[in-house]
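Participant: Below is the sequence, then the predicted model.
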Amino acid sequence: MKTLEQIFDLEAGTKRVVPSLVIRDVKLAKPVAEALLAGGIDVATIRIVDRVSFDVVRVLANEVPELTVGAGFVFNSADFMSASLAGAKYISSPGSTPELFNAARTRYNNAHFLPGVVTPSEVMDAYTRGFDVLNFYPAEYFDGYNLLQLYGRSFPTVAFAVHGGATFSHDDVDKYLSLPNVLSVGISSFETAGIIAAGDFAKLQQYAEQMVRLAKKANELKVR
């Protein structure tokens, strides 16, 4: 199994912009994946919003193995296990609870867990439980850039996937990917939901190509 660092590596030593998608029709799963792959994106998060979301994860994991699929916004152990059994390679939650930590440790789980954190106590709790790659959410609403700068000094062995409020812009992506302790920036599904529902896969491919350009530009400017 790939580590989270390997999953979120765009190329050797670089970082990713990761689309977070809502797909409400399982028949759209493969065409969406093919459009993302054609645009250079090979990691995507499916937001768990209903039972169809698990079917989407299953289709992508089984039928489009070139795309590494994760599950996002998982709230409880039942959904955690459903996502893991569907084939999600990583599972993230907007927060962290003992129930989710226990689900992540069960022998039936084959996915990496990114517990959601904001505060130092949450970071410490997750880290002492053995998790060193965490989901920082909701980043933009907690002055995420400055807080993560501080966490880089306070928690030098912890890395973060950033979600929550980052927009599809150079400024948002650049600032987060410039931080050594940030592995990836998740871009919300709201900007792609209409494209997917409309079946505009050519536009989705263009969106993916732009995300790759954003990531590469940010990596060229990143601070080490």
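Facilitator: Looks like it arrived, so ask away. Numbers count the residues shown, from 1 in each chain.
Participant: What's the local residue count around the residue nearest to F113 when sequence neighbours are not counted?
Facilitator: In space, and not counting its chain neighbours, F113 is closest to A104: 3.7 Å by Cβ to Cβ, 6 or more residues apart in numbering. (Each C-beta comes from the backbone N, C-alpha and C, glycine too.) When neighbours are defined as other Cβ atoms under 10 Å, A104 has 23 of them.
Participant: Okay, and the closest residue to N76 other than its chain neighbours sits in which element?
Facilitator: Distances taken as Cβ to Cβ, 6+ apart put E99 closest to N76, at 6.2 Å, once the chain neighbours are dropped. Following DSSP states H and E, one finds E99 within helix 98-105.
Participant: For that helix, which helices and strands make contact with it?
Facilitator: helix 77-86, strand 112-114 (3 or more Cβ pairs under 8 Å, 6 or more residues apart in numbering; DSSP states H and E).
Participant: got a list of what D55 touches?
Facilitator: 26, 29, 86 (Cβ atoms under 8 Å, 6 or more residues apart in numbering).
Participant: residues contacting the last one?
Facilitator: Contacts for A86 (Cβ under 8 Å, 6+ apart) come out as 54-55, 57-58, 61, 71.
Participant: I'd like to know how far the residue nearest to N76 sits from D172.
Facilitator: 32 Å (Cβ to Cβ, to the nearest Å).
Participant: Among the two, which residue is more densely surrounded?
Facilitator: D172 (22 against 13).
Participant: Would you mind identifying the next helix or strand past the lowest-mean-pLDDT helix or strand in the chain?
Facilitator: Lowest mean confidence among the helices and strands of the chain (mean pLDDT, DSSP states H and E): helix 170-177, at a mean of 76. The helix or strand immediately downstream of helix 170-177 is strand 182-187, counting by DSSP H and E.
Participant: Just the buried residues of that following strand, please?
Facilitator: 182-187 (16 or more other Cβ atoms under 10 Å).
Participant: do stretch 102-120 as well
Facilitator: Per 16+ other Cβ under 10 Å, stretch 102-120 contains these buried residues: 103-104, 109, 111-118.
Participant: Show me which helix runs longest in this structure.
Facilitator: Across the chain, the helix with the greatest residue count (assigned by DSSP state H) is helix 201-221.
Participant: I'd like the average pLDDT over it.
Facilitator: Average pLDDT, helix 201-221: 84.
Participant: Contacts only, for L21.
Facilitator: 32, 44-47, 189, 192-193, 196.
Participant: before we move on, the earlier item: by how many degrees do the least confident helix or strand of the chain and helix 201-221 diverge?
Facilitator: Orientation check (axes from the mean of the first three to the mean of the last three Cα atoms, to 10 degrees): helix 170-177 against helix 201-221 gives 50 degrees.
Participant: got a winner among the contacts of A86 for most neighbours?
Facilitator: Neighbour-wise, the contacts of A86 (other Cβ under 10 Å) top out at V57, 29 neighbours.
Participant: The helix holding E99 vs helix 77-86, what angle?
Facilitator: 20 degrees.
Participant: Okay, and the beta partners of F113?
Facilitator: I91 (DSSP bridges).
Participant: got the contacts of D55 as JSON lines, with distance to P94 and pLDDT columns?
Facilitator: Conversion of the contacts of D55 to JSON lines gives the following (distance: Cβ to Cβ, whole Å; pLDDT from 0 to 100):
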{"residue": "V26", "distance to P94": "24", "pLDDT": "96"}
{"residue": "A29", "distance to P94": "23", "pLDDT": "97"}
{"residue": "A86", "distance to P94": "19", "pLDDT": "98"}
